[in-house]
Every structure is written in structure tokens, then in C-alpha cells.
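1. here's my sequence, what's the structure:
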Amino acid sequence: MTDASAPRTTKWGAALNSVDYMREAVFFDGPSKRAQYTRFWLLLTLASAIAAAGVVANSTATVIGAMIVAPLMRPIQGTMLAAVLGDRANLRRSILTMIAGACGSIAVGVIVGLLVVQSITAQTNDQVASRVSPGLIDLFAALATGVVGSIALLRSDISDTLPGVAIAISLVPPLCVVGLTLESGEPGQAFGALLLFLTNVAAILGSGAVVMAIYGFSRVRIEEAEDKEAARKQRATAYVTMAALVAIIAVPLAYSTVHAIQTRSALGRITTYVEEATAGTAWDLVSISQQENDTFHVIVKGEPPIPDIGVVYDRLSESGLDPSKVTVEFVPAYSFDSTHTAVPDAVAH
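-> Numbers count the residues shown, from 1 in each chain. So this is what the prediction gives:
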């Protein structure tokens, strides 16, 4: 008869011992489960408030502080580990905690948005603008960061990298941006910020599953299962699901990336054509901004007479851009000297 208290000496004994450590690190389980949930919600609420305040104040340092405090990485990694190990109870618990935590952060963003007077949108806030247009490069960065986070979970000797992982894999700030932009009446921007959050979640799940497979933890599940064939099928299903999640997320990210490249190209050509048309005149290009429906608003400042702007629209047509989507606004500029005499801005300078 085998002593149940004896150390496990299976082929994957070392992995089994490490699994116990990881379970304690990411699962909301055990006799202290209530205290773990209390700590999670306390830190999440505070982190969300800090992140939302940092976004409103346009403070990068404050937002970074919120990233370090935020505990949302735990249920996400718990979802990944439970899927790999086939622990359905903890898988369900981790998914529900992750979804509830995400909704809580969005709610905090909405509340903070109600407390401020001005609208918090990408047009007025750099923190929002940097989180509402994710691309494939964000997925690549999130995958790499997810690998580091999973290895840090596996190896306690490099766990001191976790603060850096928390900063790199932004989770709570995008959710707060979702709430802030929803309250400001910008559902499109809210969707972009939510997509960034989902990108990070998918990257953590996908890269974490790969790391677990490389380290052999997926075989622990099969080793301990009575029906090993069923365990192998469940493991394959988990991996396919995570791979499909990453692939699904990659589709809108690819579209966003292509759209961003096209927008930058259009902005570059419009800038070139306007500067060529105003060269040698008293007019200077001030700004070009993208409006709704992919239209562009160009502001040019200077002294009459107005240059031949028809050349700009001809060049736009030749390059394949729709001239009807470009509006050029000429703003006369004047300065006043000490005698209170109005003189053209170009002459004054």
C-alpha cells in the first residue's frame, strides 16, 4: 500500500511541485479565498481610480503607477493555468473574476468621466489617443510580454521582473479609457481601447500555454488523469481555443494597422502638396487633423493673396486620394506693434 503522504516520484515530480506553487500564486482557492478576493477588489478599485485619474490628467507617471498596483494579471494567468491543467472549477472561477474585474474598471472610468467637466477623448488627451488604435505591433509586444510573465510565474528566481511585466502588459488603463470614452460619447474609441485589452488577454493566454507546454506542465494533466486519451483531447482543445482567440484578435488588429499606414501615407502626401503650393508665399501650414469619415482638415496661416490651392487638389487626384475628403482653411494672421498698428504677421516676423 502506498503512503499518500510520501513525496511524488513520478517522471514529472518536479513539475507537480511547481504546479502547487503556481496554484497558490494565481488561483482564488484554499482557506484564504475570501481574503484573496478582498485584496483583489481593493487593489483593482484603487488601481482603476489611479489609472482613470492619470488618463484625465494626461500623466504617464500616474498611469504607470496604476499598472504596477493592478491585480488583473492574476485571474488572466489563472485562466491560462486552469485551461492547461484541466481544472474546470478554477477555470470558471478565474474567467468570472477576470470579466467582473474588467467591468469594474470600466465602471470606475465612467464614474471618473462623470466627475470631470471636459470630454476625455483621443482628440484632447494623449493617454487616450495612444490606446484607442491598437495594431499588430501591440499584439507582438503583448505576446513577448506574456512569455516573460509566464516564465516569471514558473521561476521564482526571476519573479522580480513582474513589475516590469505589469507595466508592459497594460490591462487596467485601457479599461478605464473604455469607460471614459463611453461617457464622452465616443463608442468607436471605446471599442479600440477594449480591443487593446482583449489583445493583451489573448496574448497572455496564448503565450502562457506555449510556455507551459515547453516546460512540460501540460503533461502533468495527462500523467494524473485516469482517462489519458480524454485528457489529451481536452489539452488539444484548450490549445486550439487559445490559438483561435489570438487569430481572431489579429484580424481587427491587422485592419487597424493597414488603416493607420494608409492614414499616415495620406497625411504625408497632403503635407507635401500643401507645402509645395505655399512655397515662396506668405502662407505656412499650421496643422492637418483627421476628422470623422476619414476626412482631413488642413489649416494654413498667412497673408493674402491666397495661393493657387487648385494645384493641391489636382495632385491629390493624381495620387489616388479623394479631393472631396480634404478641406483647406486659410486663416489670415496679423500682429500688432507698440504703436497699436496692425501689420501683416509675415511682415512683423
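2. ranges for the strands of this structure?
-> Along the chain, counting by DSSP state E, strands occupy 283-290, 296-302, 326-332, 334-336, 342-344.
3. deepest-packed of those strands, please.
-> strand 296-302 (a mean of 19; mean count of other CB atoms under 10 Å). Any C-beta I mention is one placed from the backbone N, CA and C, and that applies to glycine too.
4. just the mean pLDDT for that one, thanks.
-> Taken as a whole, strand 296-302 has an average pLDDT of 90.
5. quick one: strands adjacent to it?
-> strand 283-290 (antiparallel), strand 326-332 (parallel) (DSSP bridges).
6. tell me which residues are up against that strand.
-> With contacts defined as CB atoms under 8 Å, 6 or more residues apart in numbering, strand 296-302 is touched by 266-267, 270, 274, 278, 281-291, 325-333, 345-346.
7. mean pLDDT lowest for which of the strands of the chain?
-> Among these, strand 342-344 scores lowest, at a mean of 53.
8. would you reformat the strands paired with strand 296-302 as TSV and include distance to residue 183?
-> Formatted as TSV, the strands paired with strand 296-302 follow (distance: least, CB to CB, whole Å):
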stretch	distance to residue 183
strand 283-290	23
strand 326-332	29
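9. figure out which of these is closest to residue 86.
-> When the strands paired with strand 296-302 are compared by CB to CB, strand 283-290 sits nearest residue 86, at 48.1 Å.
10. hey, C-alpha coordinates of the closest one in PDB?
-> Output of strand 283-290 as PDB, limited to C-alpha atoms (Å, rounded to 0.1, in the frame of the first residue of the first chain):
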ATOM      1  CA  TRP A 283       1.400  81.300 -46.100                       C
ATOM      2  CA  ASP A 284       2.500  78.400 -43.800                       C
ATOM      3  CA  LEU A 285       1.000  75.100 -43.000                       C
ATOM      4  CA  VAL A 286      -0.200  75.000 -39.400                       C
ATOM      5  CA  SER A 287      -1.800  71.600 -38.900                       C
ATOM      6  CA  ILE A 288      -3.600  68.700 -40.500                       C
ATOM      7  CA  SER A 289      -6.100  66.700 -38.500                       C
ATOM      8  CA  GLN A 290      -8.200  63.700 -39.400                       C
END
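11. starting at the chain centroid, how far to it?
-> The chain centroid and the centroid of strand 283-290 are separated by 29 Å under CA atoms, centre = their mean, to the nearest Å.
12. show me the shaky parts of the stretch 101-250 of the chain.
-> 156-166, 217-228, 230-231, 235 (pLDDT under 70).
13. could you pull out the helices in it for me?
-> Counting by DSSP state H, counting those that start in this stretch, one finds helices in the stretch 101-250 of the chain at the ranges 126-129, 136-154, 162-168, 172-183, 187-214, 218-224, 228-278.
14. just name the most buried of these.
-> Most buried of these by mean neighbour count (mean count of other CB under 10 Å) is helix 172-183; its value is a mean of 29.
15. could you export that one as CSV, CA atoms only?
-> The C-alpha trace of helix 172-183 is given here as CSV (Å, rounded to 0.1, in the frame of the first residue of the first chain):
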residue,chain,number,x,y,z
VAL,A,172,-6.4,48.4,-16.4
PRO,A,173,-5.6,51.7,-18.2
PRO,A,174,-7.3,50.6,-21.5
LEU,A,175,-10.4,49.5,-19.5
CYS,A,176,-10.5,52.9,-17.8
VAL,A,177,-10.2,54.5,-21.2
VAL,A,178,-13.2,52.4,-22.3
GLY,A,179,-15.3,53.9,-19.5
LEU,A,180,-14.0,57.5,-20.1
THR,A,181,-14.7,57.5,-23.8
LEU,A,182,-18.1,55.8,-23.4
GLU,A,183,-19.1,58.6,-21.0
